[in-house]
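1. take this sequence and fold it.
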Amino acid sequence: MLQDQQGKIKKISDILDRIMIVLAGSVITALVIEYGFYINEIVKRILHQFNSIVIFYFVFFNLSKLVLNPNPLSYLRKKWIEFLLTFLIIIQSIGFLFYIREPQTIDIKTLTRIYIASAQIYLTLDIALKTVRYSQRLIQKSIHPTRLLTFSFLLLISLGTLLLLLPKATHNGISLIDALFTATSAVCVTGLIVVDTGTYFTRFGQFIIMVLIQLGGLGIMTFTTFFAILLNGGIGIKERVFLSEIFSEKNLSKISSTIIRILFLTFSIEAVGAILLYHFLPDPMFKNESEKIFCSIFHSISAFCNAGFSTFSNNLIDIKNNIPAIIAIATLFILGGLGFLVLSELIEKPFLKAIRRIKFLRNKIAPQKVVLSLHSKLTIYTTAILIISGTVILLLLEFNNTLKNETLLSKIAHAFFQAVTPRTAGFNTIDISKIGITTSLFIMLLMWIGASPGSTGGGIKTTSFALIVLKISSMVTGKERVEIFNKQISEESISRAFVSALLSVLFILTATFALTITEKNLNFIDTFFEVVSAFGTVGLSRGITQDLTIFGKLIIIMMMFIGRIGPLAFSFALFGKIEKRNYEFQKESVLVT
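-> A predicted model of the protein is given here:
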């Protein structure tokens with residue numbers, strides 16, 4: 001009897017779940033139609049009525065599931081956000097019914113708009129929660145982190161492409177290949193463009209690009225894990241092991257706090273950057289206040305995520321003499337390119353140590369030990385060497401070329417900016433198509449090196465480049481081990497650095513070879529530059545991106561994707577197979593010279 005009753009309850013629960021899934025899909029469609037298409041008032045009214053029906057079902061669904069559950073208190077704790085939304089809907093509905101009877105106290109149309117907008121927010125949040133819960137199920141399955149990471153980027157690119165194809169995203173429409181190219185460039189934080197971001201896309205389209213940059217820069221797994229922590233109060237052991245491989249965190253107990261710190265650091269730096277840019281950018285550049293605010297936020301996110309997208313038609317050339325704004329943007333993408341582990345050790349820990357001196361905060365903050373790890377030291381030293389040497393070399397190479405008409409201070413500032421931007425930022429204050437061949441080759445080297453591990457940038461990474469140089473140096477000088485800062489580097493790290501570099505060269509040469517076939521009218525140096533820029537997720541171009549054929553654009557799209565995932569991770573996602581062998585063959589040397 002009890003089993004029959006439980007079976008009936010399960011059937012009812014399954015039916016409710018299926019209806020909710022269908023309605024969730026319908027809500028997404030309704031939201032896309034309302035905000036992505038140009039529709040008349042009748043269609044809009046029908047969509048709003050549909051949203052109201054779904055809202056009432058949402059309340060009915062959650063209350064029914066609570067009643068049907070054998071342990072309602074446990075279910076309530078597990079689904080506390082859904083029930084918080086349910087409570088808010090009930091309160092708002094009661095308020096709406098109360099005020100609608102007294103039309104003189106409030107405008108009914110305004111109240112209705114507020115109610116519909118709130119309903120849409122509730123439904124969007126509910127769908128987002130279901131997506132997060134589904135992603136947790138995927139993590140619990142036996143899927144390798146690199147494959148799931150690759151899939152998440154593909155999914156985001158596909159979604160971004162569809163959103164950019166919406167009529168309200170552009171002024172005059174966009175082709176499928178251009179929408180795919182733009183979405184890939186945004187998600188892979190590259191910055192290569194086939195259409196002008198500032199004039200071709202509407203504010204809605206630019207907003208989509210900005211969101212894609214933010215999600216692509218930090219990774220979908222960062223956000224879904226954060227919401228999973230928020231929903232469930234933590235994550236399981238299996239999820240921790242899975243995420244430890246993605247975030248390179250050996251201590252499983254620190255995974256949750258690591259992700260929260262990443263988001264906090266990111267949004268804090270981006271907020272400060274947006275405020276500074278709002279202050280430095282001149283008012284005459286914008287039509288109104290809202291455009292200036294949006295532009296400041298857009299460029300702050302784009303800079304920190306090393307995306308290189310700009311709402312200005314000539315990138316940053318029009319504000320090249322605004323030195324404070326240029327320095328602010330450069331600082332943002334340098335910080336974004338250092339990696340979150342380095343940022344934590346450089347900024348977060350010293351900050352917490354400083355505020356811990358305040359009496360009433362002393363017991364609330366754990367003692368902070370500000371010691372730079374080997375990774376951070378190597379990253380900072382390599383970055384500093386690349387910035388200083390890059391600035392000097394670019395200043396000398398372009399002194400009488402693109403920097404010819406600038407003052408000495410401006411020449412140094414632009415040389416500095418162009419020395420740091422190739423390492424995956426993609427912004428430019430000078431016309432890249434006019435720089436010399438020698439400068440182009442040097443910039444290609446910087447683009448190939450890229451940013452640092454754990455950052456928003458691409459390339460083979462600064463630490464890989466440093467390890468390769470150190471290994472070559474040790475072999476030339478006859479040393480058996482690679483040592484730096486009184487530490488010995490593991491052979492595994494050195495092997496990964498060499499494999500990553502060799503794979504990157506293989507991918508770059510293959511893509512360049514393919515482009516010389518599809519783009520026969522283009523200059524070789526321009527083609528090679530474009531490929532390296534795409535792999536490094538930089539976004540600098542010698543002006544050929546818009547002239548690429550469909551096949552050429554597809555090749556660059558693939559290179560941007562490989563550059564963002566990483567050549568080693570991409571190769572493993574395609575061909576990798578984990579094998580554990582409990583035996584070893586006899587070792588034997590092979591002549592190589």
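2. hmm, who's touching stretch 165-184?
-> With contacts defined as Cβ atoms under 8 Å, 6 or more residues apart in numbering, stretch 165-184 is touched by 32, 35-38, 157-158, 160-161, 163-164, 190, 192-195, 199-202, 204-205, 208-209, 212, 550, 553-554, 556-557, 560-561. Using the backbone N, CA and C atoms, a C-beta is placed for each residue, glycine as well.
3. how about 7 Å then?
-> 32, 35-38, 157, 160-161, 163-164, 193-195, 200-202, 204-205, 208-209, 212, 550, 553, 557, 560-561 (Cβ atoms under 7 Å, 6 or more residues apart in numbering).
4. repeat that for stretch 187-194.
-> By Cβ under 7 Å, 6+ apart, stretch 187-194 touches 153, 156-157, 160, 178, 181-182, 185, 212-213, 216-217, 305-309, 426, 456, 533-534, 537-539, 541, 545-546, 553, 556, 560-561, 563-564.
5. recalculate using a threshold of 6 Å.
-> Stretch 187-194 has contacts (Cβ atoms under 6 Å, 6 or more residues apart in numbering) with 156-157, 160, 178, 181, 185, 212, 216-217, 305-309, 426, 456, 537, 539, 545-546, 560-561, 564.
6. kindly report the same for stretch 515-534.
-> 440, 444, 447-448, 508, 511-512, 540-542, 544, 549, 551-552, 555-556, 559-560.
7. one more time with 7 Å
-> Contacts of stretch 515-534 (Cβ under 7 Å, 6+ apart): 190, 192, 437, 440, 444, 447-448, 508, 511-512, 539-542, 544-545, 548-549, 551-552, 555-556, 559-560, 563.
8. just to be sure, residue 521 is in a helix?
-> No. Per DSSP: H, G, I helix; E, B strand; the rest coil, residue 521 lies outside any helix segment and is coil.
9. just give me the neighbour total for it.
-> Neighbour count for residue 521, taken as other Cβ atoms under 10 Å: 7.
10. and what of the one 10 residues further on?
-> Burial of residue 531 is recorded as 24 neighbouring residues (other Cβ under 10 Å).
11. pull out the buried residues from the one helix or strand it maps to.
-> In the assignment (DSSP states H and E), residue 531 maps to helix 524-535. Buried positions in helix 524-535, judged by neighbour count with 16 or more other Cβ atoms under 10 Å: 526, 527, 528, 529, 530, 531, 532, 533, 534, 535.
12. from residue 433, how far out is the second one?
-> This means residue 527. 13 Å (Cβ to Cβ, to the nearest Å).
13. next, show the common contact partners of these two.
-> Joint contacts of residue 527 and residue 433 (Cβ under 7 Å, 6+ apart) do not exist.
14. domains of this protein?
-> For the chain, automatic domain parsing gives the domain ranges 1-141, 143-372+497-593.
15. picking that back up, among the contacts of stretch 515-534, the buried ones, what's the PyMOL command?
-> Per 16+ other Cβ under 10 Å, the buried members of the contacts of stretch 515-534 correspond to this PyMOL selection:
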select buried, resi 190+192+440+444+447+448+508+511+512+539+540+541+542+544+545+548+552+555+556+559+560+563
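16. the residue sitting nearest the centre point of the chain sits in which helix or strand?
-> With distances taken as Cα atoms, centre = their mean, residue 217 lies nearest the centre of the chain, 1.7 Å away. Assigned by DSSP H and E, residue 217 falls within helix 203-218.
17. and that helix, how far from the chain's centre?
-> In terms of Cα atoms, centre = their mean, to the nearest Å, the centre of helix 203-218 is found 9 Å from the chain centre.
18. cool, stretch 381-398 as well?
-> The answer for stretch 381-398 is 27 Å, by Cα atoms, centre = their mean.
19. who's in contact with it?
-> Counting by Cβ under 7 Å, 6+ apart, 338, 411-412, 415-416, 418-420, 423, 435-436, 438-439, 442, 446, 449, 452, 462-463, 465-466 sit against stretch 381-398.
20. switch to 6 Å and redo it
-> So stretch 381-398 is contacted by 415, 416, 418, 419, 420, 438, 439, 442, 462, 466 (Cβ under 6 Å, 6+ apart).
21. gap between the fourth one and residue 389?
-> Distance of residue 419 to residue 389, computed by Cβ to Cβ: 8 Å.
22. then the last one?
-> Residue 466 is 13 Å from residue 389, where distance means Cβ to Cβ.
23. between these two, which one's more packed in?
-> residue 466 (22 against 13).
24. quick check: phi and psi on that one?
-> Torsion angles at residue 466 (phi, psi; degrees, to the nearest 10) stand at phi -60, psi -40.
25. do the same with residue 488
-> Per-residue torsions, residue 488: phi -100, psi 130 (degrees, to the nearest 10).
26. quick check: pLDDT value at it.
-> You'll see residue 488 listed with a pLDDT of 86.
27. check contacts around it.
-> residue 481.
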